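Student: show me how the following folds:
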Amino acid sequence: MVTSQNKSECGLGSFPLSNVSAEAELVRALEKWSIPIPFRSGEILFKLGDAPDHAYFVKAGEVLLTMPVSGGAEWTVRAGEGSILGLPAIMGNEPYSLTATVSRESQICRLSRENFHELMHQNPRVCCNVLQILAGEVLAARAALSKLLG
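Tutor: Model prediction:
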């Protein structure tokens, strides 16, 4: 389950990172193409502004995704088991737009950008599921922005 919460007073409420989950075929492909790595609490997967070199699949555990917002506030999204992190950066070849910090011991599969793109080329059904997840992230981000500005 992925939810967001606000640590200051900007009124973001609770929003999912995406309302669309990775289907079983995508999960199997991610596990096949990636390297599973144990992470400890406090370890950083990527930082806001870093070049997109990997996508991450949370097999077990939890990661906090954070982004600064106006007035010194911080928007936090909790990404749990089954979450795929770094998709917008990997797909758009743009810097990561959030910082991802492991919040408790976790098993996370790391997939290079090159392998991720090869996986997408080889399996159109997986590609469609990734696009559905990205669309879900866009809708959730718009809902959060609407709440923030409303």
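Student: so where's the longest helix in this structure?
Tutor: Looking across the chain with DSSP state H, the single longest helix is helix 124-149.
Student: mind listing what's buried in that one?
Tutor: Within helix 124-149, the residues scored as buried using 16 or more other C-beta atoms under 10 Å are 126, 129-130, 132-134, 136-137, 140-141, 144, 148. (Each C-beta comes from the backbone N, C-alpha and C, glycine too.)
Student: least confident pick among these?
Tutor: Within the buried residues of helix 124-149, pLDDT reaches its minimum at residue 148, with 71.
Student: so which residue is smack in the middle of the protein?
Tutor: Nearest to the mean C-alpha position of the chain, by C-alpha atoms, centre = their mean, lies residue 85 at 2.5 Å.
Student: I'd say that one and residue 79 touch.
Tutor: Yes: counting by C-beta atoms under 8 Å, residue 85 touches residue 79, with 5.9 Å between them.
Student: which residues do the two both contact?
Tutor: Shared contacts of residue 85 and residue 79 (C-beta atoms under 8 Å, 6 or more residues apart in numbering): 58, 63, 65, 100.
Student: nearest to residue 120 among these?
Tutor: Nearest to residue 120 out of the shared contacts of residue 85 and residue 79 is residue 58 (C-beta to C-beta; 19.3 Å).
Student: quick check: phi and psi on the closest one?
Tutor: Note on residue 58: backbone dihedrals following degrees, to the nearest 10 are phi -80, psi 100.
Student: give the contact list for the residue nearest to the centre of the chain.
Tutor: 45-46, 55-58, 63, 65, 79, 100 are the contacts of residue 85 under C-beta under 8 Å, 6+ apart.
Student: pipe those residues into JSON lines and attach pLDDT, neighbour count and secondary structure per row.
Tutor: Converted to JSON lines, those look like this (pLDDT from 0 to 100; neighbours: other C-beta atoms under 10 Å; DSSP: H, G, I helix; E, B strand; the rest coil):
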{"residue": "45", "pLDDT": "98", "neighbour count": "24", "secondary structure": "strand"}
{"residue": "46", "pLDDT": "98", "neighbour count": "22", "secondary structure": "strand"}
{"residue": "55", "pLDDT": "96", "neighbour count": "26", "secondary structure": "strand"}
{"residue": "56", "pLDDT": "97", "neighbour count": "26", "secondary structure": "strand"}
{"residue": "57", "pLDDT": "96", "neighbour count": "24", "secondary structure": "strand"}
{"residue": "58", "pLDDT": "95", "neighbour count": "23", "secondary structure": "strand"}
{"residue": "63", "pLDDT": "94", "neighbour count": "25", "secondary structure": "strand"}
{"residue": "65", "pLDDT": "92", "neighbour count": "24", "secondary structure": "strand"}
{"residue": "79", "pLDDT": "87", "neighbour count": "27", "secondary structure": "strand"}
{"residue": "100", "pLDDT": "96", "neighbour count": "25", "secondary structure": "strand"}
